[in-house]
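Enquirer: from the sequence below, what's the structure:
(chains A and B)
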2 protein chains.
Amino acid sequence: MRGFLVIGNEAVTEPFNLNDLPGAGRIDILCRCVSQALFLSHSIRRDVEVYLLLLGKPDPPKAIKIVSNELKRMSPDERNIAGHLRKAVSFKISKDWTETNSGIFVSRRNIREILEELSKKYKIYYLREDGKDLKEEITFIENPLFVVGDHLGVRKTEEDVILEFAEKIISVSKLSLMAEQCITIAHYELDRFDK
Amino acid sequence: MRGFLVIGNEAVTEPFNLNDLPGAGRIDILCRCVSQALFLSHSIRRDVEVYLLLLGKPDPPKAIKIVSNELKRMSPDERNIAGHLRKAVSFKISKDWTETNSGIFVSRRNIREILEELSKKYKIYYLREDGKDLKEEITFIENPLFVVGDHLGVRKTEEDVILEFAEKIISVSKLSLMAEQCITIAHYELDRFDK
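Expert: Model (predicted):
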């Protein structure tokens, strides 16, 4: 299994306008992360989970889980993925995962609750520019879930919790990349090592 | 300089509906390629050019050139980029490059005409799954322009011409990746080697 958790610092937690994803707290970034994490050319990767933590107004926190093996009717363009996210945030939610579409679930979880769950099935790696080079660490990485921030990075409140759970801080580039680029590169290096 | 040429086999050559980019001959793929080629987190890469060859109805071929150093008012979301492309295909065009926005140009060129121009300033590398491993070749790559197909790959008509101009056929993964993922990985490997 491979997992990704993307922190949407201002991602709105109510249905939003599909014609203005950046204006919805940069939902566009989350959509690109989902796309790059799940899709290959003409197919969906097996055994990948994407978690999105939406921390924007008016009803945070909301967590969305997308399970590649169960996913149906998603395509890699931002608007299609945004439609699925929009539906997910429109559901009445609880602490349990509610399925909003095949392979897509929503629940009320904060960063600690989500990492408590994820650390039972994954080793947690925090992607940050000053971390250790992914390529150097790749042989040691097993069953990873990578935590990555959006355009605002990760705020101290969430980062303190992530660091409690993280095995290591990992960097994929000396450049400051977009979140979805970090995901593509993580896949690429793991693919090379058949991880 | 780094360049990318993306072949949009069915990308429409007239103004299209921004609410249905996949339906416009998969303009969504071209948008993601532009986004991944040009953008870093909060900035635009220097010295990158992206060329798009639109071969769809009703008025092919049209070529679009995007020059990172001159680019203004573009953001990395698909819809924003699509708005720029939509404007470009709405212009009356000639064999010369017509600027449709700061850093964005359109012209009437077919694959041979575009590669004749590009081969004067770049070495041409054709990205195909059965090519030589990018990582093995990276130290030999200088001043590259990578040619990549969309979801339909590259048709024989265009491929025959590309092979005339290509220094090498290069592969970035054993998996069949989406075009924009190939671009992200090409940047990643070049960045590592400060190319």
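
Enquirer: show the subsequent helix or strand relative to the helix or strand of chain A with the lowest mean pLDDT.
Expert: Lowest on mean pLDDT, DSSP states H and E among the helices and strands of chain A sits helix A:134-137, with a mean of 95. Following helix A:134-137 in sequence order, the next helix or strand is strand A:144-149 (DSSP states H and E).

Enquirer: next, the buried residues of the least confident helix or strand of chain A.
Expert: A:Leu134, A:Lys135, A:Glu137 (16 or more other C-beta atoms under 10 Å in any protein chain shown). (C-beta placed from N, C-alpha, C; glycine too.)

Enquirer: what's it in contact with?
Expert: By C-beta atoms under 8 Å, 6 or more residues apart in numbering or on different chains, the surrounding residues in contact with helix A:134-137 are A:Ile141, A:Lys168, A:Ile170, A:Ser171, A:Val172, A:Ile185, A:Ala186, A:Glu189, B:Arg192.

Enquirer: what do you get for stretch A:105-113?
Expert: Outside stretch A:105-113, the residues within contact range by C-beta under 8 Å, 6+ apart are A:7, A:53, A:61-67, A:88-89, A:91, A:93-100, A:117, A:157-158, A:161-162.

Enquirer: now do stretch A:147-156
Expert: A:4-11, A:26, A:29-30, A:33, A:124-128, A:162, A:166, A:178-179, A:182-183, B:41-42.

Enquirer: and that stretch, which residues are buried?
Expert: In stretch A:147-156, counting by 16+ other C-beta under 10 Å, buried: A:Val147, A:Val148, A:Gly149, A:Asp150, A:His151, A:Gly153, A:Val154.

Enquirer: pull the most distant pair out of these.
Expert: A:Val147 and A:His151 (15.4 Å; C-beta to C-beta).

Enquirer: now, which of the contacts of stretch A:147-156 lie within helices?
Expert: Mapping the contacts of stretch A:147-156 onto helices (DSSP state H) picks out A:Ile29, A:Leu30, A:Cys33, A:Ile162, A:Ala179, A:Cys182, A:Ile183.

Enquirer: among the residues you listed, which are in reach of chain B?
Expert: When the ones in helices among the contacts of stretch A:147-156 are checked against chain B using C-beta under 8 Å from any C-beta of the partner chain, the ones in range are A:Ala179.

Enquirer: buried sites along stretch A:9-25?
Expert: Applying 16+ other C-beta under 10 Å to stretch A:9-25 flags A:Asn9, A:Glu10, A:Ala11, A:Val12, A:Thr13, A:Phe16, A:Leu18, A:Leu21, A:Ala24, A:Gly25 as buried.

Enquirer: burial check on A:Ile74, number of neighbours?
Expert: No Ile there; residue A:74 is Met. By the criterion of other C-beta atoms under 10 Å in any protein chain shown, A:Met74 has 21 neighbours.

Enquirer: now swap in A:Thr139 and tell me
Expert: As a burial measure, A:Thr139 scores 9 neighbours (other C-beta under 10 Å).

Enquirer: that one is in contact with A:Phe193, isn't it?
Expert: Yes: between A:Thr139 and A:Phe193 there is a contact at 6.7 Å, judged by C-beta atoms under 8 Å.

Enquirer: for chain A, which residues are neighbours of chain B?
Expert: Residues of chain A lying near chain B (C-beta under 8 Å from any C-beta): A:18-19, A:21-22, A:28, A:32, A:35-36, A:39-43, A:75-80, A:135, A:151, A:172-181, A:184-185, A:187-188, A:191-192.

Enquirer: which one among the buried residues of stretch A:9-25 gets closest to chain B?
Expert: Proximity of the buried residues of stretch A:9-25 to chain B was ranked by C-beta to the nearest C-beta; the top entry is A:Leu21 with 5.9 Å.

Enquirer: for the nearest residue to that closest one once chain neighbours are set aside, give its distance to B:Ile104.
Expert: In space, A:Leu21 comes closest to A:Asp28 once its chain neighbours are excluded; the distance is 3.8 Å by C-beta to C-beta, 6 or more residues apart in numbering or on different chains. Distance of A:Asp28 to B:Ile104, given as C-beta to C-beta, to the nearest Å: 20 Å.

Enquirer: and A:Leu38, by the same measure?
Expert: 30 Å.

Enquirer: show me what A:Leu5 is bridged to.
Expert: Assessed by DSSP bridges, A:Leu5 has beta-bridge partners A:Tyr51, A:Val147.
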